[in-house]
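Trainee: structure here, sequence nowhere to be found:
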């Protein structure tokens, strides 16, 4: 999985900048740091999900070029980290519904639910930040909240990776 330390350092730095900006004269500056934290976390999640999904054909030693190209096209066409629309869809497309169901049954259900809940909260906010001008963005989450969400998401993705490797 994508290393977490650079992201944590980035989120901590953004949180420090955010807290300093809250006390400053420019009322928009905290919004920029908030927006950047959400986008950074979202990008990291997408990258991790793609790595987890791509690990399956590599472990199964798929060699046929057209099959590898198919997997690459699935990953390339993914533009989000919604649990159902993105993550499950990629896993199903690459490994099949049987492997997905076995993975979800074997894993810790609390970690799975935590991952789903955190993604459900973060994904719409990420879309607002990514697709709307800052003046039309309805709310802003402090980078410290992104750090807290990161821990739940990280544990859930690790759990997926662990059991996905077993099937």
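Mentor: Structure received. These numbers come from a predicted model, not from an experiment.
Trainee: three-state assignment of residue 63?
Mentor: coil (DSSP: H, G, I helix; E, B strand; the rest coil).
Trainee: how about it, phi and psi?
Mentor: Residue 63 adopts backbone torsions of phi -120, psi -20, taken as degrees, to the nearest 10.
Trainee: strands along the protein, start to end?
Mentor: Here the chain has no strands by DSSP state E.
Trainee: most remote residue from it's center?
Mentor: residue 25 (33.1 Å; Cα atoms, centre = their mean).
Trainee: roughly how far apart are that residue and residue 81?
Mentor: 35 Å (Cβ to Cβ, to the nearest Å). Where you see a C-beta, it was placed from the backbone N, CA and C, and this is true even at glycine.
Trainee: repeat that for residue 44.
Mentor: 9 Å.
Trainee: with adjacent residues omitted, what lies nearest to the spatially most central residue of the chain?
Mentor: Among the residues of the chain, the one closest to the centroid is residue 45, at 2.0 Å (Cα atoms, centre = their mean). Counting by Cβ to Cβ, 6 or more residues apart in numbering, residue 45 lies nearest to residue 81, which is 4.3 Å off, once chain neighbours are set aside.
Trainee: number of nearby residues for that neighbour?
Mentor: 24 (other Cβ atoms under 10 Å).
Trainee: before we move on, what about residue 146?
Mentor: For residue 146, using other Cβ under 10 Å, the count is 26.
Trainee: tell me how many other residues surround the closest residue in space to residue 11 that isn't next to it in sequence.
Mentor: Leaving aside its sequence neighbours, residue 11 sits nearest to residue 147 (Cβ to Cβ, 6+ apart; 4.9 Å). Using other Cβ under 10 Å, residue 147 has 17 other residues around it.
Trainee: do the same with residue 100
Mentor: Using other Cβ under 10 Å, residue 100 has 20 neighbouring residues.
Trainee: who's in contact with it?
Mentor: 88, 91-92 (Cβ atoms under 8 Å, 6 or more residues apart in numbering).
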